[in-house]
Every structure is written in C-alpha cells, then in structure tokens.
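A.B. asks: Here is my input; please provide its structure:
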Amino acid sequence: MPKINGNEIRPGYVLEHDGHLWAAVKVDHVKPGKGGAFAQVELKNLRTGSKLNERFRSEDKVERASLENRDMQFLYVDDGQMIFMDTESYEQIQLDAELLGDRRPFLQDGMTIVVEFFGDEALNARLPAKVICEIAETEPVVKGQTAAKSFKPAVLDNGVRVAVPPFVGQGERIVVNTDTMEYSERA
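C.D. replies: Below is the predicted model:
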C-alpha cells in the first residue's frame, strides 16, 4: 500500500492505521500560531463502525489502502443475508444486511449498487445517490399553504418517513436522496 503524508489526507480516503482499516470522514487542516501545522481527521472503522479523532502532522506517514469497487446487482434476501450478483463475472455473493445500515429500505429488486472490497472482504456498500419511491400516506393538500416554505410528514412505500413539500400528495412518486434520506424532487 502506498504511504502518504498526513497533510495529504482527504475525506473518503481509506487508511490503514493501528492495524485497522479506517475511512476519513472529516478532515480539518489546522495551522496554529505556535507549533507546526497538522490535520485533524475524524476516522470511521470500516469493520466495527467505531469513530476516532486523530491528529496527523505533515511529516507523519500513513498507509492509504486501495479498495476495489465492484458493481453488484441485488437479487433477493435469504435469512438476513442479501444475495448479490457481480455484473461482470455473474458470481453470486452473500452480504450481511447490516452493511447498508439505515439505508437498507431503499434497496430495490434488481438495483445495481457499488460494493467496496478489500481483498475478498466486503467493507462498504453504496446505493445510487437518488432512488424513486412512492408516497404511501401523507396529509391531504391544503389550498393556500404553498406560500410558506414548509414541509409535511410522509411515509414512503418502503416504510421510511420523510418530509415533503405541501403540494406532494399520496400515491405520487418522488426522488429521495439516499445519503441524506430527504426529499429531492418529484419523479
């Protein structure tokens, strides 16, 4: 694995630190009035999910791990395990449902996601940035309520609660941002 200086760390980098794999979530470059500059990095353990705040000076060397991204198509769920098929080799693999976390309800049949592998171990899964969902229930539209920038609660067909603009009604299809789990636009 290539070594990089502490001041070269960017959000999204995967680092091997203290014998574990960590993803850099947030990076702040600090130059205090006294002493040398450093990078304050918030790290997330890719295996356990725990977080760590670490300081790296510019002369510190850190190993940057390279992950292999593979496109995988979702097939079905079997005993809490999600079955995916590699779109290139057509090989089927099982992944734990916890890999997607709270974004799991947005996974739809036949959806292609990106799974990040370190060797043969799946560490992370990324859904498409936007997913189309249908509104299962929401409050009815009240005439004249669209003047103010307000939102009303809605439940999607997958059971997730989101806030939607007042003009969106039950049965309509909307685009939901899977990173923030918020309404994006009408479909």
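A.B. asks: I'd like the next helix or strand past the helix or strand that R55 is a member of.
C.D. replies: Using DSSP states H and E, R55 sits in strand 51-57. For strand 51-57, the following helix or strand on the C-terminal side (DSSP H and E) is strand 61-64.
A.B. asks: what about that next one, average pLDDT?
C.D. replies: Regarding strand 61-64, the rounded mean pLDDT is 91.
A.B. asks: How about stretch 33-42?
C.D. replies: 89.
A.B. asks: again with stretch 103-110
C.D. replies: 90.
A.B. asks: tell me which residues of that stretch are tucked away?
C.D. replies: Residues of stretch 103-110 classed as buried by neighbour count (16 or more other C-beta atoms under 10 Å): R103, R104, P105, F106, L107. Where you see a C-beta, it was placed from the backbone N, CA and C, and this is true even at glycine.
A.B. asks: Keeping just the C-alphas, turn that stretch into PDB.
C.D. replies: C-alpha atoms of stretch 103-110 as PDB (Å, rounded to 0.1, in the frame of the first residue of the first chain):
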ATOM      1  CA  ARG A 103     -30.300   2.900   4.000                       C
ATOM      2  CA  ARG A 104     -31.400  -0.700   3.600                       C
ATOM      3  CA  PRO A 105     -35.100   0.100   2.900                       C
ATOM      4  CA  PHE A 106     -34.100   1.900  -0.300                       C
ATOM      5  CA  LEU A 107     -32.600  -1.200  -1.800                       C
ATOM      6  CA  GLN A 108     -35.000  -2.400  -4.600                       C
ATOM      7  CA  ASP A 109     -35.100  -5.600  -6.600                       C
ATOM      8  CA  GLY A 110     -32.600  -5.600  -9.500                       C
END
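A.B. asks: now L15: how far from A37?
C.D. replies: 19 Å (C-beta to C-beta, to the nearest Å).
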